[in-house]
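In: Test case, fold it:
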Amino acid sequence: MRVVVVGGGIGGLALGAGLRRQGHEVTVFDRDTDVTATGGYHITLHEPAQAALRELVAPEVVERLLASASALRLRDRDALWDRYGRVIGFGPDLSGDSGVDIDRVTLRTLLAEAVGDDLHLGRNVTGVGHGKDGRPEVYFSGADPVPADLVVGADGTHSLVARHLAGGRTNTPTGIVGFSGRTRRDYLGACEQQRLGLRSGLALGPRGMALYVGFLDPVGNAVLDAPELRAAVTTGPTYIWGAMLPESTTDSLRELRAGDLQAALLTCYRKRGWSERTLEVITAASPHTVAAYRFHAASTRAHDLAPWPAGRITALGDAVHATPPTAGMGAGAAIRDAAALLDHLRDVTDGTTGLTVAVSQYEAGMRRRGSEVLTLAMKTVGWIRATDTPLGAVATTAATSVLAAAHRLRRRGPHGGMPARRDR
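Out: All right, here's what the predicted structure looks like:
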């Protein structure tokens, strides 16, 4: 079977690697000229995503991934802070969690190596359709169409393939703009290193402003202690953070880059009363890592996803169920889509009819999976947006102050003085 994959992000590369491993003829086209030219948060892969990857790539690739990933079970418990950096709560114990965090650049590089020569960079797809023989085709500017038995759109939030199938866009902006960056832990002062700890967390303030701080250490917290296999671009304890602001307040930031964007972002937070210690992780970031992007989301209702009849053109990942990064599960869902599609294609033997049935079965499962992940991600989006009203701002300020005071009292223990326990 000849399959053309449009898009070389995480999902497209995972599918390409799986198809190649299973012996199909596959070509992955991506407009990027460098697989390392990608930003965003680090990626969390929970057990279902890891299991899917084991179906898609060879065991040696999985070993390199685990040697380049940071184990959630070795982190301290996640924290929730207010805008002043005061603790208002902790997440669950992670000591039994099998999830891993990995740098997006590292994962994309490992998957690209697994796809090998079947990945064609610098190829900008301009359209999809069907040729005179009824087979799907992929179109380019100034080049001949490429025919296939199956075309899969893995081209992200602004998917050309999904728009072709749906007859319009498949997601909408959430009203939040994200800003991401990387800060080495040793760039922070001793007090802030201690406050943040070896954990991820979220600081929440009024007026729709939040700051996620993700902890990544694929050396000290390596899932698999095999330095000779390590391919991580992150070489020590690092915070990969994501600032979140209402889109209505970010117009002046959209044309800025690097250090100018970093400075303007800090100004926005300071105007809303965020403390300097909470903002130190942004202040100390490497300016060239700071970038902005809008949060988009598809419908949380399964029946709204992939609203087209099954055929020999389909899509996966954010092309169908665009997911804000607030659940940390978007990339994992795309990988699971890829594994599910590959599984349904495994036994196809009777051409067009068999392919259509396989795609129909895949899309049914993909709708359910996408709906589940979107529902989780949009809970946090809704929580952040609820603070962006006069009443929500007052309620957030009051609630976080009460929670911070209650946490301090718990830490003092029943008789005051030393803390009753250490939060991990």
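
In: quick one, strands of the stretch 251-400 of the chain?
Out: With DSSP state E, counting those that start in this stretch as the criterion, the stretch 251-400 of the chain has strands at 291-297, 313-315.

In: chain center to the first one, what's the gap?
Out: Pointing back at strand 291-297 there. Distance of strand 291-297 from its chain centroid, counting by C-alpha atoms, centre = their mean, to the nearest Å, is 11 Å.

In: which strands and helices sit next to that strand?
Out: Contacts defined by 3 or more C-beta pairs under 8 Å, 6 or more residues apart in numbering; DSSP states H and E place strand 291-297 against strand 172-184, helix 351-386. Every C-beta, even on glycine, is put in place using the N, C-alpha and C of the backbone.

In: one more time with 6 Å, if that's ok
Out: With contacts taken as 3 or more C-beta pairs under 6 Å, 6 or more residues apart in numbering; DSSP states H and E, strand 291-297 sits against strand 172-184.

In: so the strand it packs on versus strand 291-297, what angle?
Out: Counting by axes from the mean of the first three to the mean of the last three C-alpha atoms, to 10 degrees, strand 172-184 lies at 140 degrees to strand 291-297.

In: from now on call the first residue 20
Out: Let's use 20 as the start, then, which means that last one is strand 191-203.

In: Need the mean per-residue confidence for strand 191-203.
Out: Strand 191-203 carries an average pLDDT of 96.

In: Going by neighbour count, which residues of the following helix or strand past it are buried?
Out: Using DSSP states H and E, the next helix or strand after strand 191-203 towards the C-terminus is helix 209-215. Within helix 209-215, the residues scored as buried using 16 or more other C-beta atoms under 10 Å are 211-212, 214-215.

In: just checking, next helix/strand downstream of helix 209-215?
Out: Assigned by DSSP H and E, the successor of helix 209-215 is strand 220-223.

In: Send me that following strand as CSV with only the CA atoms.
Out: The C-alpha coordinates for strand 220-223 follow below in CSV (Å, rounded to 0.1, in the frame of the first residue of the first chain):
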residue,chain,number,x,y,z
GLY,A,220,3.3,23.6,38.6
LEU,A,221,0.8,26.3,37.7
ALA,A,222,0.6,29.8,39.0
LEU,A,223,-2.9,31.3,38.7
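
In: How far away from the center of its chain is that strand?
Out: 17 Å.

In: Low-confidence regions, the stretch 320-443 of the chain specifically.
Out: Where the stretch 320-443 of the chain drops to pLDDT under 70, the residues are 369, 432-443.

In: So which of the strands of the stretch 270-419 of the chain is the most surrounded?
Out: Of those, the one with the most neighbours on average (mean count of other C-beta atoms under 10 Å) is strand 332-334, at a mean of 29.

In: other SSEs contacting that strand?
Out: Checking 3+ C-beta pairs under 6 Å, 6+ apart, strand 332-334 ends up next to strand 169-172.

In: Go ahead and measure how far the strand it packs on is from the middle of the chain.
Out: 22 Å.

In: can you check stretch 50-67 too?
Out: Distance, centroid of stretch 50-67 to centroid of chain: 7 Å (C-alpha atoms, centre = their mean).

In: if you average pLDDT over that stretch, what comes out?
Out: Stretch 50-67 comes out at a mean pLDDT of 89.

In: Now that stretch: buried residues?
Out: Judged by neighbour count using 16+ other C-beta under 10 Å, the buried positions of stretch 50-67 are 51, 54, 57, 59-65.

In: Give me the contacts around it.
Out: Where contact means C-beta atoms under 6 Å, 6 or more residues apart in numbering, the residues beyond stretch 50-67 that reach it are 117-124, 126-128, 131, 140-141, 143, 199, 233, 235, 259, 261, 310, 344, 347, 350-351, 355.

In: Just flag the most distant two among the buried residues of helix 209-215.
Out: In these, two members sit farther apart than any others by C-beta to C-beta. They are Q212 and R214, at 7.4 Å.

In: Now do the SS call for T52.
Out: Secondary structure, DSSP: H, G, I helix; E, B strand; the rest coil: T52 is coil.

In: roughly how far apart are it and P164?
Out: Look at T52 and P164: by C-beta to C-beta, to the nearest Å, they are 22 Å apart.

In: Could you give the number of residues near R386?
Out: For R386, the neighbour count with other C-beta atoms under 10 Å is 19.

In: For L91, give its distance to D97.
Out: For L91, the distance to D97 - C-beta to C-beta - is 9 Å.
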